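Colleague: Using only what follows, build the 3D model:
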Amino acid sequence: MTDALPYRPCAGIMLVNRAGQVFVGQRIDTTLEAWQMPQGGIDPGEDARTAALRELGEEVGVALDQVEVIAEAPEELFYDLPPELIGKVWKGRYRGQRQRWFLLRLIADDGAIDIATPHPEFRAWRWIDPAELPALAVPFKRALYTQLLEMFGTHLSV
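Modeller: Numbering: from 1, shown residues only. A predicted model of the protein is given here:
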């Protein structure tokens, strides 16, 4: 049954600081200790890069002139929701996400980050070493985060 559901089009951002650390946020709508990178749906008529930059502002409060785009993943990455979340997330319309990822560098200082946005997604944030990323993610995103580290590895100090 879930195979008939489509994947939600999404853009994701791996935001790094000058030290090569990756931004992760802890979602506000869960009590889990899992952390994730900014991401969000692509609106109809919107391209993935525009969506990624919009989501960065909406979730992290960072303006376009405070980042530089370093790389774009060469292909979309997919993940499936675990069975217990299908029907609960995104009004049951999707089985997971197909994501276009971008690697961005914060060229401003940490003060540019403000997760207290009009519609907050994160309750906390921090910088981590890229190698820590998969272990901090929810289990169903770990393989995707490992793929991202491989794709963006030449740009990171992993």
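
Colleague: number of nearby residues for residue 83?
Modeller: Residue 83 has 9 neighbouring residues, counting by other C-beta atoms under 10 Å. For every residue, glycine as well, the C-beta is placed using N, CA and C.

Colleague: how close does it get to residue 152?
Modeller: Separation of residue 83 from residue 152 (C-beta to C-beta, to the nearest Å): 30 Å.

Colleague: mind listing what's buried in stretch 11-21?
Modeller: 11-17, 21 (16 or more other C-beta atoms under 10 Å).

Colleague: ok, now stretch 102-114?
Modeller: Neighbour counts over stretch 102-114 (16+ other C-beta under 10 Å) mark 102-106, 113 as buried.

Colleague: residues in contact with residue 6?
Modeller: Residue 6 makes contacts with 93-95, as judged by C-beta atoms under 8 Å, 6 or more residues apart in numbering.

Colleague: no, scratch that, I was asking about residue 93
Modeller: Contacts of residue 93 by C-beta under 8 Å, 6+ apart are 5-6, 8.

Colleague: Could you dump those into a markdown table with secondary structure and pLDDT added?
Modeller: Shown next, in a markdown table, are the contacts of residue 93 (DSSP: H, G, I helix; E, B strand; the rest coil; pLDDT from 0 to 100):
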| residue | secondary structure | pLDDT |
| --- | --- | --- |
| 5 | coil | 93 |
| 6 | coil | 94 |
| 8 | strand | 95 |
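
Colleague: Just the closest of those to residue 28, please.
Modeller: residue 8 (19.6 Å; C-beta to C-beta).

Colleague: got a list of what that closest one touches?
Modeller: Contacts for residue 8 were tallied using C-beta under 8 Å, 6+ apart; they are 41, 90, 93-94, 96-98.

Colleague: Just give the closest residue to it, not the sequence neighbours.
Modeller: Once flanking residues are discounted, residue 8 sits nearest to residue 94: 4.0 Å by C-beta to C-beta, 6 or more residues apart in numbering.

Colleague: is it true that that neighbour touches residue 9?
Modeller: No: applying C-beta atoms under 8 Å as the test, residue 94 and residue 9 come out as separate, 9.3 Å apart.

Colleague: can you list contacts of the host helix or strand of residue 49?
Modeller: Using DSSP states H and E, residue 49 falls within helix 48-60. Applying C-beta under 8 Å, 6+ apart, the set of residues contacting helix 48-60 from outside is 9-13, 15, 23, 25, 38-43, 46, 62-64, 67, 69, 72, 100-102, 104, 113-115, 117, 119, 121-122, 125.
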